[in-house]
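1. Starting from these lines, generate the structure:
(one chain, ligands or ions: 1)
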Amino acid sequence: MFRAAIERLQNKWKSYRHRFVPWVVLNLFKNEKTLRQVTERAKDKLVADEEVSRSLVKLFGVLLRSHGVDHGGLRAARAHSPKLTTREEEQYGGDPACGHNAMLQTLGFCIDRQPSTLPFAGTGVFVTKGFVPKGSTVAMYPGTVYQAHEPILLQSIRNSFVFRCIDGVLIDGSDKGISKMLFKSCSGRDRLGPFMMSDTSWLTAAPQNPLAVGQYVNNCSNEFPANVCYQEYDVPHKFPIELRQYLPNVNYSHDSQRPLRCVVLVSLRDIVAGEELFSNYYTIVH
Ligand SMILES: C[S@@+](CC[C@H](N)C(=O)[O-])C[C@H]1O[C@@H](n2cnc3c(N)ncnc32)[C@H](O)[C@@H]1O
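-> Down below sits the predicted model:
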């Protein structure tokens, strides 16, 4: 009987999809009601990758113009997306809050970090303005991407921001210490001529890409069910090169042959201003 119980536990552990490892170990049997279950891996995507690409390209295109940082690619960016109106140009130009303005304008909502609604849960992420319709790309999970075979031991010590994808790829979303140093170093390494391939500003209090705060989204509880879920997004080859400077992820290994792995958070229902975002740290894939 004891063996059967152990086997049940092992099977359950193996099928957990997203794991913030230390948190899961301590809370494995809490909030069982809020577990997200999916029947097939293919069905786990709430929104098509093309839809995620569309949202990101729209936002990043506006960010590119609003920051006035073109790294040699502004003209190319303008060729990609429609021209801004004069009013929009004025609204974004030189405004320190331009990231949030761009988000409100293009996606119809703003998100930001604030103290969590939950006691002892530290910082959380809230919808601060506008309205998030179900199925929107609400946030991105920033960090260094490690393939399943790459070493992460040192970086993972006392680090509650290591996120595990379904295929064993890990994303270290910590903005402190060795994790921070490694992200900056990999990001500098991967520059392509005049183009940056990733954004390091998520490591600061004011990320250029305002979606890049998904690592601060807290786990749901029985009182606050999940309103967002994680979804892997492999950046397609055709993603505009001049917009990659806003991607908050970078490969740990320079010679990674795989497309860059990002993780986005997608809304499970409509969310209104003032609500905190809650994800489910555990997803069971049957
Ligand atoms: C990925 S971090 C999320 C950001 C975190 N709130 C912070 O301020 O750094 C995961 C950690 O947040 C805390 N956390 C997340 N969800 C929680 C919850 N529902 N209740 C209490 N603490 C929570 C735990 O300390 C967990 O290890």
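2. On the pLDDT front, check Asn159 for me.
-> On the pLDDT scale, Asn159 is placed at 92.
3. For it, give me its contacts.
-> Contacts here follow Cβ atoms under 8 Å, 6 or more residues apart in numbering; on that basis Asn159 touches 172, 174, 179. Just so you know, the C-beta spots here come from the backbone N, C-alpha and C atoms, and that holds for glycine as well.
4. Please flag which of those sit within helices.
-> If you go by DSSP state H, the contacts of Asn159 have Ser179 in helices.
5. now the contacts of Asn159 in CSV, with neighbour count and pLDDT?
-> Listed next are the contacts of Asn159 as CSV, based on neighbours: other Cβ atoms under 10 Å; pLDDT from 0 to 100:
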residue, neighbour count, pLDDT
Asp172, 24, 96
Ser174, 22, 97
Ser179, 22, 96
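6. which among the contacts of Asn159 gets closest to the ligand?
-> The ligand lies nearest to Ser174 out of the contacts of Asn159, by Cβ to the nearest ligand atom, at 8.8 Å.
7. What distance do you get for that closest one to Pro259?
-> 23 Å (Cβ to Cβ, to the nearest Å).
8. Helices of the stretch 1-150 of the chain, start to end?
-> 2-15, 21-27, 49-67, 74-80, 86-92, 98-107 (DSSP state H, counting those that start in this stretch).
9. Skip the chain neighbours and tell me the closest residue to the closest residue to the ligand within the stretch 51-200 of the chain.
-> Relative to the ligand, the nearest point of the stretch 51-200 of the chain is Gly122 (2.6 Å; Cβ to the nearest ligand atom). Nearest residue to Gly122 in three dimensions, chain neighbours excluded: Ser116, at 6.2 Å (Cβ to Cβ, 6 or more residues apart in numbering).
10. Equivalent analysis for Met140, please.
-> Excluding the flanking residues, the one nearest Met140 by Cβ to Cβ, 6+ apart is Leu211, at 4.6 Å.
11. what secondary structure does the one you found sit in?
-> Secondary structure, DSSP: H, G, I helix; E, B strand; the rest coil: Leu211 is coil.
12. Pull the contacting residues for it.
-> 56, 59, 103, 111, 137-140, 248, 264.
13. next one: Ala273
-> 109, 127-131.
14. Is it possible to mark the buried ones in the residues you listed?
-> 109, 127-130 (16 or more other Cβ atoms under 10 Å).
15. Please go through these and note which also touch the ligand.
-> Cross-checking these against the ligand (Cβ under 6 Å from any ligand atom) gives no overlapping residues.
16. okay if I get these as JSON lines plus distance to Asn218?
-> What follows is the buried ones among the contacts of Ala273, written out as JSON lines (distance: Cβ to Cβ, whole Å):
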{"residue": "Phe109", "distance to Asn218": "19"}
{"residue": "Val127", "distance to Asn218": "14"}
{"residue": "Thr128", "distance to Asn218": "16"}
{"residue": "Lys129", "distance to Asn218": "20"}
{"residue": "Gly130", "distance to Asn218": "21"}
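17. could those residues go into TSV alongside pLDDT?
-> Shown next, in TSV, are the buried ones among the contacts of Ala273 (pLDDT from 0 to 100):
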residue	pLDDT
Phe109	98
Val127	98
Thr128	97
Lys129	97
Gly130	97
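18. is it true that Thr283 touches Glu232?
-> No: counting by Cβ atoms under 8 Å, Thr283 stays clear of Glu232, with 11.4 Å between them.
19. circling back to that earlier point, just the contacts of Leu211 now: which is nearest Val217?
-> Ala139 (6.5 Å; Cβ to Cβ).
20. For stretch 177-189, which residues meet the burial criterion?
-> Residues 179-180, 182-183, 186-187 are the ones in stretch 177-189 that count as buried (16+ other Cβ under 10 Å).
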